[in-house]
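J.: Build me a structure from this.
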Amino acid sequence: MRIHVTELRDGDILNNDAFNDFGLHVLSKGTNLYASEISKLYQHQIEYVDINPRPQEEVSARTIESGLNPKWLPTMQPIYQDVINGYEQLFLEAMQSGKIYEDDVVHTFQPLVDNFKMERDVVSMLLLLNTKDDYTYQHSVQVGMLAYYLATWLGYPESEAVKIGQAGFLHDIGKCQISDDILNKPGKLSEQEYELIKKHTLYGYQIIKDSFGESLAATVALQHHERMDGTGYPNGVKGEDLHPVSKIVAVADVYSAMISARVYQKKRDLLFVLKELYRMSYNELDAFTTHTFIKHMIPNFIGKQVELESGEIGTIIMTHPSEFFRPLIRVNDRFIDLTAERSLEVKQVIL
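T.: You can find the predicted model right below:
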């Protein structure tokens with residue numbers, strides 16, 4: 001079937017080779033089309049492509065709105081919940097005995113690794129899976145997922161990326177030593193309570209060190225709240241003294257925390273969160289790590305609806321490689337390039 005590129009969905013399969021107007025081969029027949037491939041078609045100004053017929057499937061409205069592959073959610077959701085339940089068991093074990101077992105960590109986290117590649121739309125994936133329940137456990141699972149993705153985007157080999165994901169998965173294990181009253185307090189923490197919360201980095205380091213010895217996961221548990229400018233905790237470590245993987249997990253940690261709905265916090269708009277990360281990259285977070293994360297997250301917004309500051313509703317059809325927050329947007333029959341229309345900005349992403 002012949003289709004305009006703006007109507008492509010994740011998972012569509014090219015039925016013929018795609019060439020641009022200069023005869024340059026862009027994508028091969030049989031290519032599975034996701035955000036990066038669709039973006040490539042836009043960049044080469046290819047308007048129409050032939051795709052294989054789509055299977056006739058009953059798709060929920062929620063799945064259609066999110067742009068997710070309809071085959072994805074029923075498979076990933078129970079896996080995700082099982083990993084959350086597994087993390088809860090690790091958390092309780094650490095609380096009771098002060099130790100965890102490495103085999104349990106691998107066994108709990110590996111099912112997510114095995115299924116990560118099923119869905120490349122990280123933005124929709126996390127939002128669809130995200131709930132207000134079990135924030136502490138869910139946050140750790142998300143940070144593990146994001147740390148794994150970010151490690152691969154930074155060029156780490158698969159085996160190392162998995163280890164980095166596991167370190168992200170365990171980064172908050174020290175919170176098992178903090179009372180639930182403080183962890184789930186529905187309001188601002190007092191200065192004394194905040195000082196107690198900060199100790200989770202020290203507790204986590206000790207638990208992992210006692211369990212596995214000095215390790216990557218122990219270092220990350222200790223350093224994930226340190227900042228490049230030295231304003232973090234617990235030791236005010238800064239700059240190049242921070243372990244590279246601690247910088248990865250710090251980015252994943254901030255992103256997950258900001259997109260999550262908690263007792264005292266509503267979920268923030270997705271582009272706002274990425275803009276906040278970008279702002280933090282100039283002093284608190286490592287710039288290269290943060291910009292790599294943003295660069296790979298932004299294409300996930302292709303195909304999603306947005307509201308402009310003008311009140312107009314449109315669809316993102318192409319993202320810019322350097323001006324992350326100024327995409328090309330289709331509003332009805334016209335196109336608005338925000339890199340040219342500097343007076344306009346995206347107000348919010350509509351999901």
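J.: contacting residues for the residue lying closest to residue 93 once chain neighbours are set aside?
T.: Computed as Cβ to Cβ, 6 or more residues apart in numbering, the closest residue to residue 93 that is not its neighbour in sequence is residue 100, at 5.8 Å. Glycine gets a C-beta too; all of them are placed from N, C-alpha and C. Applying Cβ atoms under 8 Å, 6 or more residues apart in numbering, one finds that residue 100 lies in contact with 90, 93, 94, 170, 173, 207, 208, 211.
J.: Take these and lay them out in JSON lines including secondary structure, pLDDT and neighbour count.
T.: Listed next are these as JSON lines, based on DSSP: H, G, I helix; E, B strand; the rest coil; pLDDT from 0 to 100; neighbours: other Cβ atoms under 10 Å:
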{"residue": "90", "secondary structure": "helix", "pLDDT": "97", "neighbour count": "21"}
{"residue": "93", "secondary structure": "helix", "pLDDT": "96", "neighbour count": "18"}
{"residue": "94", "secondary structure": "helix", "pLDDT": "97", "neighbour count": "23"}
{"residue": "170", "secondary structure": "coil", "pLDDT": "98", "neighbour count": "31"}
{"residue": "173", "secondary structure": "helix", "pLDDT": "98", "neighbour count": "26"}
{"residue": "207", "secondary structure": "helix", "pLDDT": "98", "neighbour count": "25"}
{"residue": "208", "secondary structure": "helix", "pLDDT": "98", "neighbour count": "29"}
{"residue": "211", "secondary structure": "helix", "pLDDT": "96", "neighbour count": "22"}
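J.: For residue 35, state which of the residues you listed is nearest.
T.: Of all the contacts of residue 100, residue 35 sits closest to residue 170, with 29.6 Å by Cβ to Cβ.
J.: Could you check the pLDDT of the spatially closest residue to the closest one that is not a sequence neighbour?
T.: Spatial nearest neighbour of residue 170, excluding adjacent residues (Cβ to Cβ, 6+ apart): residue 217 at 4.9 Å. As predicted, residue 217 sits at a pLDDT of 97.
J.: what's downstream of the host helix or strand of residue 217, the next helix or strand?
T.: If you go by DSSP states H and E, residue 217 is part of helix 216-223. For helix 216-223, the following helix or strand on the C-terminal side (DSSP H and E) is helix 244-259.
J.: and that following helix, average pLDDT?
T.: Rounded mean pLDDT across helix 244-259 is 94.
J.: show me where pLDDT drops low in the stretch 101-250 of the chain?
T.: 116-121, 123-124, 127-128, 130-133 (pLDDT under 70).
J.: can you give me the helices in it?
T.: 102-115, 122-129, 135-153, 158-169, 180-183, 191-198, 200-212, 216-223, 244-259 (DSSP state H, counting those that start in this stretch).
J.: so which of those gets nearest residue 350?
T.: Closest among the helices of the stretch 101-250 of the chain, once you apply Cβ to Cβ, is helix 122-129, at 11.9 Å.
J.: What lies in contact with stretch 214-233?
T.: Looking at what lies outside stretch 214-233 - Cβ under 8 Å, 6+ apart - the contacts are 163-164, 166-168, 170-174, 198, 201-202, 204-205, 207-209, 212, 234-239, 242-243, 245-247, 249-250, 253, 283-286.
J.: domain assignment for the chain?
T.: 2-56, 62-298, 303-350 (automatic domain parsing).
J.: Please identify the most buried of those.
T.: Most buried of the domains of the chain, by mean neighbour count (mean count of other Cβ atoms under 10 Å): domain 62-298, with a mean of 18.
J.: what sits against the most centrally placed residue in the chain?
T.: Compute the mean C-alpha point of the chain, and by Cα atoms, centre = their mean the closest residue is residue 146, 4.8 Å away. Contact partners of residue 146, counting by Cβ under 8 Å, 6+ apart, are 122, 126, 168, 251, 252, 255, 256, 293.
J.: Could I get the CA-only coordinates of the host helix or strand of the last one as CSV?
T.: Secondary structure from DSSP H and E places residue 293 in helix 287-297. Taking Å, rounded to 0.1, in the frame of the first residue of the first chain, the C-alpha atoms of helix 287-297 are listed here in CSV:
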residue,chain,number,x,y,z
ALA,A,287,26.9,17.9,29.1
PHE,A,288,27.9,15.2,26.6
THR,A,289,25.9,12.5,28.5
THR,A,290,22.8,14.7,28.8
HIS,A,291,22.8,15.9,25.2
THR,A,292,23.2,12.3,24.0
PHE,A,293,20.1,11.4,26.0
ILE,A,294,18.1,14.3,24.7
LYS,A,295,19.3,13.7,21.1
HIS,A,296,18.0,10.1,21.2
MET,A,297,14.8,10.9,23.1
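J.: what's the closest non-adjacent residue to residue 101?
T.: Closest residue to residue 101 apart from its sequence neighbours, by Cβ to Cβ, 6+ apart: residue 211 at 7.0 Å.
J.: oh, I was asking about residue 145
T.: residue 112 (6.1 Å).
J.: The one you found against residue 80, yeah?
T.: Yes. Taking contacts as Cβ atoms under 8 Å, residue 112 lies within contact range of residue 80: 7.1 Å.
J.: any common contacting residues for the two?
T.: residue 141.
J.: residues contacting residue 347?
T.: Residue 347 touches 306, 307, 308, 309, counting by Cβ under 8 Å, 6+ apart.
J.: if you set the cut-off to 7 Å instead, what comes out?
T.: By Cβ atoms under 7 Å, 6 or more residues apart in numbering, the contact set of residue 347 is 307, 308, 309.
J.: quick one: pLDDT of it?
T.: Here, the pLDDT recorded for residue 347 equals 89.
J.: No further questions, thank you.
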